[in-house]
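**Q** okay, sequence plus prediction incoming.
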Amino acid sequence: MEKYWYWMVPALFGAVVLTAFVVNHLAPAARKRLRRIVILYVLYVASVVGAFGLAESGNAAWAGRFQISAHLFEQFTIVNVVATVLFDAVLPRAKLAVSAILTDLIVGVAYIVVGISAMHQGGMHTSDVVTTSAVVSGVLALSLQATLGNILGGVAIQLDGSVHVGDWIQLENGKQGRVKDIRWRHTVVETRDWSTIIVPNAQLLAQNITILGKRGGEAVPQRMWVYFQVDFRYPPSRVVKVVADAIVGAPIERVAKDPGPSVICMDLARDGKDSFGLYAVRYWLTDLAVDDPTSSLVRARIHAALRRADIPLARPTQSLFINPDNAGDLELRESRHRDQELSALNCMTLFDSLTLEEKETLTHHIRFAPFTAGEVVTRQGAVAHWLYILESGDVEVRTKIEGATETKLVATLSGPNFFGEMGLMTGEPRFADVVAKTDVDCYRLDKAGFQEVITKRPNIATEMSKRLAERRVELIAIRDGLDDEARKAREKKEQAHILENIQNFFGLK
């Protein structure tokens, strides 16, 4: 037996050192298991030393007991070395993950097997060991029924794979959270509000659990709803189209493209008491941890789209209009709006050649058109006979070069500014995409308003064609890399072309 200890102690020491090397390089997260291995090895060495010391002193009975302890700690150390290397280093590298509970269960069974073996080698009868273990197990089972139920529940959850670490779940009480860990006695669920719910495993098995964002074993987006109300006098078809165009027209962060969002009219004047139609935007959320911020982005997109279309959100039915607007109030309000629109026109260099009277004429054809960040204001190639006056905010001008898959940023405009002038003056398709970089406030001037001005003074066409040519060649120069000489030649050519198009578009020839 002494020869066995002489080679086994250093051999096991080498195994412990090798395990520490493997864990530190392949599985640093499992370093806490090394502490248990080292403790078991130290107890093993202490038992061996104790057995030798007692044998030398002539105390054979206690020396035998220390030998049994040494065998036990030796086998336990070997079990932990093998389990750590196998479950924490080898299998993960082979893409085979084993749950923590299953790992502990396998190690526990191995403890029982090697423990019985070590006791048998020490002279104890296997039947006595098994009988004693059964009696102790029976006493423990009776006194720890609730705890054992939770432990068995944790094993069942891990074995059937119904709930995994990382899953988003909803409990019967409505609480939602992400499964952080499944332990022997309980499951740890972390909520969005930075709270942690400890759910006993037996209770988790006994209730209905909704696994969010998962179907058929595959991770899928979670369906979300954002509700809003509009006065029922506005046609649902128009409301749905206005909001759908805004939602689908440009991507929203964390909103899935497939399946895409949709707008639904849920109800009209429910129970005959509400003076509004109930609508909803249904979308699919790709990141369940960021639900409310994503819904906020959707609401901002809805609000801007409705304001552009002059569709107000419904007022509460309990509002009482005791003092209705009189003619004086309406006139004052319209005058204030005209002043704001005239101020916007005065900031536009494009309209420097217009008289005050001509600008006042244009104010009768201006319409407020706000956009929220990320929305596409105009699309390259689209035909729209109006000009945008950018009062505040930033927009990006992007063009798509033939053969390219992505658009190229050619300019960033900040209010006060304007864009889309060629659609108003010549009727040409949009030359570039214009995307709202921030929330922007715009005014939209249509062809009918400018028709009234340019018909009375046709020479405006000549004055404005030069400004339009300069502005257009700025974008072309950036896109095509024109030098100064080529740029001037292009401006002269573009001015003649634009002037002819203006005259044709407004029927001045």
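**A** Perfect, I can see it now. Numbering: from 1, shown residues only.
**Q** now T426, nearest residue through space, not along the chain?
**A** What sits nearest to T426 in space, not counting adjacent residues and going by C-beta to C-beta, 6 or more residues apart in numbering, is N501, at 3.8 Å. Where you see a C-beta, it was placed from the backbone N, CA and C, and this is true even at glycine.
**Q** quick one, what contacts that neighbour?
**A** Residues in contact with N501 (C-beta atoms under 8 Å, 6 or more residues apart in numbering) are M425, T426, G427, E428.
**Q** give the helix, strand or coil label for A280.
**A** Here A280 takes the strand state, with states given by DSSP: H, G, I helix; E, B strand; the rest coil.
**Q** please read the previous query as pertaining to A382.
**A** Under three-state DSSP, A382 comes out as coil.
**Q** and for it, the neighbour number?
**A** The number of residues packed around A382, counting by other C-beta atoms under 10 Å, is 12.
**Q** neighbours of R233, how many?
**A** Neighbour tally, R233, other C-beta under 10 Å: 8.
**Q** go on, L342?
**A** 15.
**Q** isn't it up against K359?
**A** Yes: L342 is within contact range of K359, at 6.0 Å (criterion: C-beta atoms under 8 Å).
**Q** tell me the secondary structure for the residue nearest the centre of the chain?
**A** Geometric centre of the chain, nearest residue: D287, 3.6 Å, by C-alpha atoms, centre = their mean. Assigned by three-state DSSP, the conformation of D287 is coil.
**Q** and the gap between the closest residue to it other than its chain neighbours and M425?
**A** Once flanking residues are discounted, D287 sits nearest to R254: 4.9 Å by C-beta to C-beta, 6+ apart. The gap separating R254 from M425 is 40 Å, by C-beta to C-beta, to the nearest Å.
**Q** kindly report the same for E494.
**A** E494 is 12 Å from M425, where distance means C-beta to C-beta.
**Q** which residues do those two both contact?
**A** Common neighbours of E494 and M425, using C-beta under 8 Å, 6+ apart, are L468.
**Q** mind checking which of those two has more residues around it?
**A** Applying other C-beta under 10 Å to E494 and M425 shows that M425 carries more neighbours, namely 26 against 19.
**Q** pLDDT score for that one?
**A** What the model reports for M425 is a pLDDT of 86.
**Q** who's in contact with it?
**A** Contact analysis of M425 by C-beta under 8 Å, 6+ apart lists L387, F450, M464, L468, I498, N501, I502, F505.
**Q** Three-state assignment for the residue nearest to T426, please.
**A** helix.
**Q** low-confidence ranges in the stretch 1-150 of the chain?
**A** 1-3, 5, 97-102, 118-150 (pLDDT under 70).
**Q** would you map the helices across it?
**A** For the stretch 1-150 of the chain, the helices defined by DSSP state H, counting those that start in this stretch cover 2-26, 31-56, 60-83, 91-93, 100-121, 126-143, 145-160.
**Q** angle of the longest one against helix 2-26?
**A** So the one you mean is helix 31-56. Interaxial angle, helix 31-56 versus helix 2-26 (axes from the mean of the first three to the mean of the last three C-alpha atoms, to 10 degrees): 170 degrees.
**Q** which secondary structure elements does helix 31-56 sit against?
**A** For helix 31-56, the packing partners by 3 or more C-beta pairs under 8 Å, 6 or more residues apart in numbering; DSSP states H and E come out as helix 2-26, helix 60-83.
**Q** can you lay out these as TSV showing mean neighbour count and distance to P236?
**A** As requested, the helices and strands packed on helix 31-56 are exported to TSV (neighbours: other C-beta atoms under 10 Å; distance: least, C-beta to C-beta, whole Å):
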stretch	mean neighbour count	distance to P236
helix 2-26	13	61
helix 60-83	19	64
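**Q** let me have these in CSV, extended by distance to M224.
**A** Compiled in CSV, the helices and strands packed on helix 31-56 are given as follows (distance: least, C-beta to C-beta, whole Å):
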stretch, distance to M224
helix 2-26, 41
helix 60-83, 43
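**Q** D352: which of those helices is closest?
**A** With C-beta to C-beta as the measure, helix 2-26 is the member of the helices and strands packed on helix 31-56 nearest D352 (72.2 Å).
**Q** centre of the chain to that closest one, how far?
**A** From the chain centre to the centre of helix 2-26 is a distance of 47 Å (C-alpha atoms, centre = their mean, to the nearest Å).
**Q** just stretch 66-83 next, same as before
**A** Offset of stretch 66-83 from its chain centre (C-alpha atoms, centre = their mean): 49 Å.
**Q** OK, contacts around E463?
**A** Residues in contact with E463 (C-beta under 8 Å, 6+ apart) are S353.
**Q** that one: what secondary structure?
**A** helix.
**Q** could you measure from it over to V473?
**A** Distance of E463 to V473, computed by C-beta to C-beta: 17 Å.
**Q** equivalent analysis for A382, please.
**A** For A382, the distance to V473 - C-beta to C-beta - is 22 Å.
**Q** now the residue in the chain sticking out farthest from the centre. Its backbone dihedrals?
**A** Centroid-distance maximum for the chain: G58 at 72.7 Å, with C-alpha atoms, centre = their mean. Phi and psi for G58, reported as degrees, to the nearest 10, are phi 90, psi 10.
**Q** and the gap between it and R65?
**A** When distance is defined by C-beta to C-beta, G58 is 15 Å away from R65.
**Q** okay, now the domains of the protein?
**A** Domain ranges of the chain: 2-143, 158-218, 221-308, 327-505, per automatic domain parsing.
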